[in-house]
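Trainee: Just need the structure, nothing else, for what follows:
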Amino acid sequence: MPARVADGTKTASQGMIALPGGSFAMGSDSHYKEEAPVHRATVGPFAIDACAVTNAEFAQFVQATAYVTVAERPLDPADYPGAKPGMLQPGAMVFRQPDRPVDLRDIGNWWAYLPGACWRHPKGPDSDLRGLERHPVVQVAYEDAAAFAAWAGKELPTEAEWEYAARGGLDGAAYCWGDDFMPAGRAMANTWHGDFPWRHLGETGRGGTMPVGSFPANGFGLFDMAGNVWEWTQDWYAAAHPADAKKACCVPLDPRGGGVDASYDPQQPNIRIPRKVVKGGSFLCSPGYCLRYRPAARQPQMIDSAMSHIGFRCVVRQKACGPD
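Mentor: As a prediction, this is how the structure comes out:
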């Protein structure tokens with residue numbers, strides 16, 4: 001059974017939950033092709049943050065280390081061939097809700113790169129963190145999340161660890177809480193309700209993040225493993241799970257994902273920025289556009305990307321016992 005453990009970090013976190021590890025059904029054959037095939041995977045014991053890292057916690061890290069996030073640093077034009085000069089200023093991607101229906105084939109209809117946007121100013125240079133101390137930190141690139149984890153004496157989870165934790169012991173269930181998206185009509189996560197991306201009809205989130213722990217925990221006592229913000233994992237992205245993972249002889253043990261070379265975006269061959277797996281969906285996920293607030297859901301994210309719907313949580317792995 002999972003157990004709550006003392007955090008032991010320098011942050012005022014919600015603590016960690018110790019998980020025993022084990023074998024579980026990873027992936028899905030019923031949703032998006034990158035989630036297939038369903039296969040057995042096994043992870044060892046580890047502890048994981050009960051909640052995503054918050055703005056208040058990340059601020060403690062920055063104050064203690066004087067760390068500067070990727071979104072706050074100058075950009076190298078060589079990394080972004082063909083980019084417009086205005087895009088080569090420090091900044092990040094910000095969700096901007098349109099006021100009418102838009103073409104869903106063009107994400108530029110609701111995403112904009114805003115110079116000056118960063119974790120301190122998540123919605124652009126004129127925004128701040130007042131009242132958002134308990135919200136998950138966003139506008140953090142992979143390097144930023146890994147740096148926080150190292151400072152806290154932790155690591156980022158693998159994709160398999162993250163999915164095992166998100167399932168909360170419900171092997172094969174569609175959602176972190178079961179197979180019914182809204183049991184008894186109750187919202188179980190901060191997701192998009194209404195016509196994405198222009199009309200939000202739900203009472204939860206209203207098209208933005210919510211404080212961590214706003215919804216019931218899953219069976220392992222973990223909060224917000226669906227919706228609110230996508231979360232970084234250690235794994236390089238591959239277009240699908242390994243086909244041989246379905247074979248009884250080949251159950252992956254503590255899998256670590258694919259190689260970096262396969263993670264590059266084939267649709268943008270001129271941009272050589274590798275991609276990691278992010279998990280969990282966000283406040284922008286909706287049934288009609290992005291049904292990814294599920295444990296099996298996975299998506300690629302360039303490691304330099306800072307966006308207003310991506311955050312992270314950390315793990316501590318149990319070290320194997322052996323001779324001194």
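
Trainee: Run through the stretch 1-150 of the chain and note the low-pLDDT ranges.
Mentor: By pLDDT under 70, the low-scoring segments of the stretch 1-150 of the chain are 1, 3-14.

Trainee: Quick one: the helices in it, in order.
Mentor: Taking DSSP state H, counting those that start in this stretch as the test, the helices found in the stretch 1-150 of the chain are 55-65, 142-151.

Trainee: Determine the set of other helices and strands touching whichever helix or strand comes after the last one.
Mentor: By that I understand helix 142-151. Counting by DSSP states H and E, the next helix or strand C-terminal to helix 142-151 is helix 159-167. If contacts are counted by 3 or more CB pairs under 8 Å, 6 or more residues apart in numbering; DSSP states H and E, helix 159-167 sits against strand 16-19, strand 22-26, strand 39-43, strand 46-49, strand 230-236, strand 275-279. C-beta: built from backbone N, CA, C; applies to glycine.

Trainee: Just the angle for the second one relative to helix 159-167, thanks.
Mentor: Per axes from the mean of the first three to the mean of the last three CA atoms, to 10 degrees, the angle that strand 22-26 makes with helix 159-167 is 90 degrees.

Trainee: so what secondary structure elements neighbour strand 22-26?
Mentor: strand 39-43, helix 159-167.

Trainee: hey, which of those is tucked in deepest?
Mentor: Among those, ranked by average contacts under mean count of other CB atoms under 10 Å, first place goes to helix 159-167 (a mean of 26).

Trainee: chain center to that helix: distance?
Mentor: 12 Å (CA atoms, centre = their mean, to the nearest Å).

Trainee: export that helix as PDB, just CAs?
Mentor: Extracted C-alpha coordinates of helix 159-167, given in PDB (Å, rounded to 0.1, in the frame of the first residue of the first chain):
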ATOM      1  CA  GLU A 159       6.900   7.900 -18.200                       C
ATOM      2  CA  ALA A 160       6.200   4.400 -16.800                       C
ATOM      3  CA  GLU A 161       6.600   5.600 -13.200                       C
ATOM      4  CA  TRP A 162       4.300   8.500 -13.900                       C
ATOM      5  CA  GLU A 163       1.600   6.400 -15.500                       C
ATOM      6  CA  TYR A 164       1.800   3.700 -12.800                       C
ATOM      7  CA  ALA A 165       1.300   6.500 -10.200                       C
ATOM      8  CA  ALA A 166      -1.500   8.200 -12.100                       C
ATOM      9  CA  ARG A 167      -3.500   4.900 -12.300                       C
END
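
Trainee: related to what we said a few turns ago, now distance to residue 75 too, for the helices and strands packed on strand 22-26, in CSV please.
Mentor: As requested, the helices and strands packed on strand 22-26 are exported to CSV (distance: least, CB to CB, whole Å):
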stretch, distance to residue 75
strand 39-43, 37
helix 159-167, 28
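
Trainee: quick one, which of those is nearest to residue 296?
Mentor: helix 159-167 (6.7 Å; CB to CB).

Trainee: Specify the next element, helix or strand, located C-terminal of that closest one.
Mentor: strand 194-195.
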